[in-house]
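# this is a predicted model, with the sequence first.
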Amino acid sequence: MSEIKRCGIITICGRPNVGKSTLTNALVGEKVAIVTNKPQTTRNRICGIRNRGESQFVFVDTPGLHKARTRLGDYMVNVVKESVADVDGIMLVVEPIPHIGAPEEQLIGRIKSLGCPSVLVINKVDTLEHKEELLQVIQTYGQAHDFSAVVPISAKTGEGVEELLHVLEGFLPEGPQLFPEDMTSDQPERQMMAEILREKLLLCLDKEIPHGTAVEITRFAEREDEVVEVEATIYCEKNSHKGIIIGKGGAMLKKVSTLARQDMERFMGTKIYLQTWVKVKENWRDNPAAIQNFGYKGE
């Protein structure tokens, strides 16, 4: 392993559902952030860590900037504001559309006020039929801010990710590494287990219900035979939601749990014995104590 000579913190920001978590995982080289096709999947500030040659990148993946409708929403928006400060570089991730929306305008304003290096990352270029459409996007954003670089990528296919790392390397200040070599995320394992289970809920359930769910890991213990026992409680806001999560004859909960267990085993590199329960906690998203209890703590 090369000795780390440069290390820096790079924030990934953008509106919900532009592919920030997929990009974080692509940059780190493994899954550290949960990914679904539903907006507002990321609730916490997630650090992905990547060592590459003499450089260590620390990626901060923020929740999409959105109008807060609940206290949990307020918390998420504050996380974004705090994460786009005191960093060595910012990536603004956008879709390949030649129009700047209000969330992007707000983030560009923030980037300008901080004056740190920034990259415009145009994601989902694999969805473009004609590459000349990309020029319009570049021109539109170029008029709004003088970005240090513009990198078109596809986080899904990996196209452009190496070029992006090369650009970001130029932002890193000289200094020792912040995290040990084998570490890819600052999320405790227990929290990663909760996030994986929540990802599967988002994946399998419909529309509004998943955002009213929280997952608490009540037991996380390694047995002598190296099997990790995980007990998880899924909280939802209504009795009717509980029925949907459990499903007919427990089918939905079984499906969610099986998918989660498979991912947990991949993440932990060992066998997982997972048990899940569903409980109702009405309006927990507007209860500050509950929000804190589920791990969404302020910085």
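Ah, there it is. Numbering: from 1, shown residues only.

# ok, what's across the strand from residue 9?
residue 58 (DSSP bridges).

# could you measure from it over to residue 175?
According to CB to CB, to the nearest Å, residue 9 stands 11 Å off from residue 175. C-beta: built from backbone N, CA, C; applies to glycine.

# swap in residue 6?
Counting by CB to CB - residue 6 and residue 175 are separated by 7 Å.

# likewise residue 101?
Taken as CB to CB, the span from residue 101 to residue 175 is 36 Å.

# wait, what's in contact with residue 163?
151, 153 (CB atoms under 8 Å, 6 or more residues apart in numbering).

# you'd agree residue 194 is in a strand?
No - applying DSSP: H, G, I helix; E, B strand; the rest coil, one finds residue 194 to be helix, outside a strand.

# ok, for it, nearest residue in space, not its chain neighbours?
residue 215 (4.2 Å; CB to CB, 6 or more residues apart in numbering).

# check residue 57 too.
In this structure, residue 57 finds its nearest non-sequential neighbour in residue 50, 4.6 Å apart by CB to CB, 6+ apart.

# what's around the one you found, how many residues?
Applying other CB atoms under 10 Å, we find 20 residues neighbouring residue 50.

# what does residue 192 give?
Each residue near residue 192 was counted by other CB under 10 Å, and the total is 21.

# surely it is in contact with residue 267?
Yes - in this structure residue 192 lies within contact range of residue 267 using CB atoms under 8 Å: 6.2 Å.

# show me which positions of stretch 255-273 end up buried.
Burial within stretch 255-273, assessed by neighbour count using 16 or more other CB atoms under 10 Å, is assigned to 256-257, 259-261, 263-264, 267-268, 272.

# just the residues you listed: which are in helices?
Among the buried residues of stretch 255-273, the members falling in helices (DSSP state H) are 256-257, 259-261, 263-264, 267-268.

# of these, closest to residue 161?
Nearest to residue 161 among those: residue 267, at 20.9 Å, using CB to CB.

# three-state assignment of residue 48?
Strictly by three-state DSSP, residue 48 counts as strand.

# so where do the helices sit in the protein?
20-28, 71-83, 102-114, 132-144, 161-169, 189-204, 239-246, 251-268, 288-293.

# please identify the most buried of those helices.
Of all the helices of the chain, helix 20-28 has the most neighbours on average by mean count of other CB atoms under 10 Å, namely a mean of 24.

# just the CA trace of it, in PDB.
The C-alpha coordinates for helix 20-28 follow below in PDB (Å, rounded to 0.1, in the frame of the first residue of the first chain):
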ATOM      1  CA  LYS A  20     -26.000  10.500  -5.200                       C
ATOM      2  CA  SER A  21     -26.000   7.200  -3.300                       C
ATOM      3  CA  THR A  22     -25.300   5.100  -6.400                       C
ATOM      4  CA  LEU A  23     -22.400   7.500  -7.100                       C
ATOM      5  CA  THR A  24     -21.100   7.300  -3.600                       C
ATOM      6  CA  ASN A  25     -21.000   3.500  -3.900                       C
ATOM      7  CA  ALA A  26     -19.300   3.700  -7.300                       C
ATOM      8  CA  LEU A  27     -16.700   6.100  -6.000                       C
ATOM      9  CA  VAL A  28     -16.000   4.000  -2.900                       C
END
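
# same for it, what does it pack against?
Counting by 3 or more CB pairs under 8 Å, 6 or more residues apart in numbering; DSSP states H and E, the packing neighbours recorded for helix 20-28 are strand 6-13, strand 46-52, strand 55-61, strand 89-94, helix 161-169.

# check the gap between residue 239 and residue 249 for me.
18 Å.

# picking up where we left off before, could you identify the most distant pair in the buried residues of stretch 255-273?
The span of those, defined through CB to CB, is set by 256 and 268 at 18.1 Å.
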